[in-house]
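*Asks:* I would like the atomic coordinates for the input below:
(chains A and B)
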Amino acid sequence: MKIAEIPPTPAELDPFFTLSLDLLCIAGFDGYFKRLNPAWEKTLGFTREEILSRPWLDFVHPDDRDKTIAEAQKLATGLDTVSFENRYRCRDGTYRWLLWTVTPGIEKKLLYAAARDITSRKMIEEALEKSVSLLTATLESTADGIVAIDGDGRITHWNHKFLEIWRIPESNLPKDRLGLAACLTDRVRKPESRHGLEELEARPDADSGKVIELKDGRVLESYSQPRLIGGRRVGIVVSYRDITERMETERLKEEFVSIVSHELRTPLTSLRGFSELMLEREYRRSKRREFLSIIHDESVRLTELINDFLDIRRMESGRQVYQLEKLDLRPLFRDVTALHALDGGHQVRSEVPKSLPLVKADPRRIRQVLSNLLSNAVKFSPRGGTITLGARREGPEVVLWVSDEGIGIAAESLPKLFSKFYRVDNEETKSVGGTGLGLAIVRSIVQAHGGRVWVESELGKGSTFFLTLPIAAREARSPRRPSGAKRIDVLLAEDDRAYARLLREHLERAGFSVASTPRAEDALRLLKRSAPRLVLADIQLAGDLDGWDLLMALKKDPASSSTPVIIISATETRVHGLALDGAECLLKPISPEKLRDAIRRQVPVLADKRVLIVDDDPLFRREIVELLAAEGAHMEEVANGREALSLLARTLPDLLILDLLMPEVDGFAVLRKLRTDRRAVNLPVLVTTAMDLLPREESYIKRRIASLVSKKQGSPRRIVRAVQQIMKGEDLRAEP
Amino acid sequence: MKKILLADDESNLRTLVHTTLEDSEYEILEATNGTEALEMAKKERPDLLVLDWMMPGLSGIEVAKLLRDDPDTADIPIIMLTARGQEKDREKVKALGAYAYLLKPFSPLQLLEKVRDALR
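*Replies:* This is a model prediction of the structure:
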């Protein structure tokens, strides 16, 4: 029996029009709605009257209007609309996405339409798109190679880095885990080693740091993470990182450490050996001297080795700081030549033109470069000969060279010459010594200056080492004309008017601008106003304050605390209170003679004087205590800054020997405290440090130097010269 | 009179060992590199060899190996001096059947003791 469907009556259809959640409507070709179901009000928030009163295009989003018009025109020709989307405005100003199905009734010029609110769907789609684009961007931006596999073993995601790391062409990428696993196994060096894709199930929850060695020599590290949805494992993501470079760096570090410890053991062998022999046996005096001489030489060599190691480590790790200046090379050449000239049998010649331009360089490090090159030149011409130092300008650079007439270098050794620890294996130079780091250091320094270094050599004839340095840019300002601001060069505090006038004339003639006053109080005011580059002060001043007060006030104020000060004294007595700020700084290790000389400079006679030594090294303390007690000094020793400060608070010694580097309260802190102590203005201080001072620390110490010039011995010319030297940043004391 | 052959490229070290072993009972010969050491060992047939490992040209280890391969010199006891202190270095020296191995910086008196033992 055929069951016929009974079409609904119009009355039966009516409730559906009202109930429908979709927006149902009848609209006219004239652009107006004719009939709307309640869903319109619920969805858009307008009343039906409001919607009926306006053309439906009014409610359409401006961006969708054109396509809506086009669609309407299509409908007018009798075609249905299926799945058309546009946005309708709501009462609150927001828009909702509608999905339309429309059929036209041409004769009556009506459109019969049903629209579904798909805003949520659209939002979800948009969110999904955002997610996907984030995922894609993340995958492609990371430095790791990533591959994601789902529960069925299919490869769902990968990035280009993954292909790159494993060297798989995109077209060859397998589609599933098994294929990919086989592909990776192919590339792995040891067939039994794992590459992360072996099994999904047996894998622990997350894996990290597995090292994989590839056939082509590279090394990878893999990390994996399971994909979980609601606690259920649905796949895995594995990432790979190329750690070849990291391994190489670590290997080089290991090698460096191993070579260093090896190198250090060699001089130590002589130190231990000869000292032990001398302790256990009796040797006659000439033998003892020979052994002690060897011990001394080897300990110097050990010091040089350690300094070289630290230098090259610092330079190669980029931590070396260079203090670039406009450097005049000629005095540098002279100094370095003088130092090396005493090596017998060599003539040192200079080919440096008078008009050599200034270079932009760190004087200390360039000195080191020249010293290393000269030292090599001497070492590698054991039969004497001429060593030539030369320089000339070439375009934007200055080319320097050091040339010798020695044994030369074989062509096959040339490429490795500047690398660390490379020592030329040669019969004649077997006991030449050296660290094998000299040229590596030279190269590091020159390259950091933006220059190049190279060598030309012929076996048996000699070698020439070349390097380039950039020329310093021209100076923009001249020291004679002070800039618009009221800044002056020299502030002079001197109560003797005639002397003040004399000094002032000399200074101005030398090109310095001078402000002077006889009173310390006025000097302090002038100081604030004109920020002088240097203060020249007499101890005797008019008014209530004297030169010391001025000095202390200067040091207390951070704005002026680093301004160099020269104190002029009319009295003969060594006013060594300046030593507080002119703290003489000694570098450890230090020989007892040097230490004694330095102490004598501060305190000529030690008998019955009280000396406090502050140092955390008990052996050094003992050495000094014994040394000075032998001269009749009353010694006191403490091991750290805190104890030193509490002792100093109670009573001051006649001499303070202070280590800079101590844990917790260091030497700097002690100096700072002393500076604000009026009693300590006359205290001689000897500062020792075992550290390679950073330029910042060196200049901290140097710039706090107040140098002493005696009026009786010093002519104004000497004073002006002292001012000039300080302005140029040079230290007045001779290097220890 | 026992003959000791000492080989090291560093003159300070040669002085140290020579001074340490100076004795009316020992005649001390010196070589300044591996090749010289090999020649002198074959020619002079010393009763003991004190060898430095790291030398330019032939290293101490290579000299020791070559001497062991030659039946004439295979039995000469060898004391190796070296700054190389890793396990694998120790193994290498042991594998050559060296009498002793001293790590620099060594105690000269300890060296003397080992020399006396080896020559007994």
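
*Asks:* phi, psi for residue B:102 please.
*Replies:* When read as degrees, to the nearest 10, the backbone of residue B:102 gives phi -120, psi 130.

*Asks:* so it sits against residue B:80, correct?
*Replies:* Yes: the pair residue B:102 and residue B:80 qualifies as a contact (C-beta atoms under 8 Å) at a distance of 7.2 Å. For glycine as for every other residue, the C-beta is placed from the backbone atoms N, C-alpha and C.

*Asks:* mind checking which of those two has more residues around it?
*Replies:* residue B:80 (25 against 17; other C-beta atoms under 10 Å in any protein chain shown).

*Asks:* surely the more buried one is in a strand?
*Replies:* Yes: the assignment for residue B:80 is a strand, going by DSSP: H, G, I helix; E, B strand; the rest coil.

*Asks:* report the beta-bridge partners for it.
*Replies:* Following DSSP bridges, residue B:80 is listed with bridge partners residue B:51, residue B:101.

*Asks:* then residue A:210?
*Replies:* Beta-bridge partners of residue A:210, counted by DSSP bridges, are residue A:222.

*Asks:* correct me, but it touches residue A:238?
*Replies:* No: counting by C-beta under 8 Å, residue A:210 stays clear of residue A:238, with 9.8 Å between them.

*Asks:* those two: which is more packed in?
*Replies:* Per other C-beta under 10 Å, whichever of residue A:210 and residue A:238 has more neighbours is residue A:238, with 23 against 16.

*Asks:* and residue 68, how many neighbours?
*Replies:* Chain wasn't specified; assuming chain A. By the other C-beta under 10 Å criterion, the neighbourhood of residue A:68 contains 18 residues.

*Asks:* can you look at chain B instead?
*Replies:* Neighbour number of residue B:68 under other C-beta under 10 Å is 16.

*Asks:* in which helix or strand would I find residue 49?
*Replies:* You didn't say which chain, so I picked chain A. helix A:48-52 (DSSP states H and E).

*Asks:* actually, chain B is the one I wanted.
*Replies:* For residue B:49, the host element (DSSP H and E) is strand B:48-52.

*Asks:* which helices and strands does that strand pack with?
*Replies:* strand B:2-7, helix B:11-21, helix B:34-44, helix B:60-69, strand B:78-82, helix B:108-118 (3 or more C-beta pairs under 8 Å, 6 or more residues apart in numbering or on different chains; DSSP states H and E).

*Asks:* any chance of those in a markdown table, plus mean pLDDT?
*Replies:* Output for the helices and strands packed on strand B:48-52, formatted as a markdown table (pLDDT from 0 to 100):
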| stretch | mean pLDDT |
| --- | --- |
| strand B:2-7 | 94 |
| helix B:11-21 | 93 |
| helix B:34-44 | 92 |
| helix B:60-69 | 90 |
| strand B:78-82 | 93 |
| helix B:108-118 | 93 |
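
*Asks:* tell me which of these is the most buried.
*Replies:* Ranked by mean neighbour count, the helices and strands packed on strand B:48-52 are led by strand B:78-82 with a mean of 24 (mean count of other C-beta atoms under 10 Å in any protein chain shown).

*Asks:* elements contacting that one?
*Replies:* strand B:48-52, helix B:60-69, helix B:87-95, strand B:100-103, helix B:108-118.

*Asks:* now the angle from it to helix B:60-69?
*Replies:* Counting by axes from the mean of the first three to the mean of the last three C-alpha atoms, to 10 degrees, strand B:78-82 lies at 170 degrees to helix B:60-69.

*Asks:* contacts for strand B:78-82, please.
*Replies:* Strand B:78-82 is contacted from outside by B:8, B:13, B:17, B:48-54, B:60-61, B:64, B:67, B:89, B:93, B:96, B:98-104, B:106, B:111, B:114-115, B:118, using C-beta atoms under 8 Å, 6 or more residues apart in numbering or on different chains.

*Asks:* buried sites along the helix holding residue A:49?
*Replies:* Neighbour-count burial for helix A:48-52, counted by 16 or more other C-beta atoms under 10 Å in any protein chain shown, picks out A:48, A:51-52.

*Asks:* which element is residue A:491 on?
*Replies:* strand A:490-493.

*Asks:* tell me the strands beside that strand, with direction?
*Replies:* strand A:514-517 (parallel), strand A:534-538 (parallel).

*Asks:* now the residue nearest in space to the middle of chain B: how far from residue B:38?
*Replies:* Nearest to the geometric centre of chain B sits residue B:50, at 1.8 Å (C-alpha atoms, centre = their mean). Per C-beta to C-beta, to the nearest Å, residue B:50 is found 14 Å from residue B:38.

*Asks:* do residue A:101 as well
*Replies:* 102 Å.

*Asks:* least trustworthy helix or strand in chain A by mean pLDDT?
*Replies:* Least confident helix or strand of chain A, by mean pLDDT, DSSP states H and E, is strand A:706-710 with a mean of 47.

*Asks:* list the contacts of the strand holding residue B:49.
*Replies:* B:2-10, B:13, B:17, B:21, B:37, B:41, B:60, B:63-64, B:67, B:76-82, B:99, B:111, B:115, B:118-119.

*Asks:* any idea how many residues pack against residue A:392?
*Replies:* Count around residue A:392 with other C-beta under 10 Å applied: 13.

*Asks:* what of the one 4 residues further on?
*Replies:* Here the neighbour count serves as a burial measure; for residue A:396 (other C-beta under 10 Å) it reads 10.

*Asks:* which residues does the spatially closest residue to residue A:83 that is not a sequence neighbour bridge with?
*Replies:* Closest residue to residue A:83 apart from its sequence neighbours, by C-beta to C-beta, 6 or more residues apart in numbering or on different chains: residue A:99 at 6.3 Å. Here residue A:99 sits in beta bridges with residue A:85, residue A:116, going by DSSP bridges.

*Asks:* so who does residue A:99 touch?
*Replies:* Here residue A:99 is in contact with A:83-85, A:115-116, A:118 (C-beta under 8 Å, 6+ apart).

*Asks:* repeat that for 7 Å
*Replies:* Going by C-beta atoms under 7 Å, 6 or more residues apart in numbering or on different chains, residue A:99 touches A:83, A:85, A:115-116, A:118.

*Asks:* determine which two of those are furthest apart.
*Replies:* A:83 and A:115 (11.1 Å; C-beta to C-beta).
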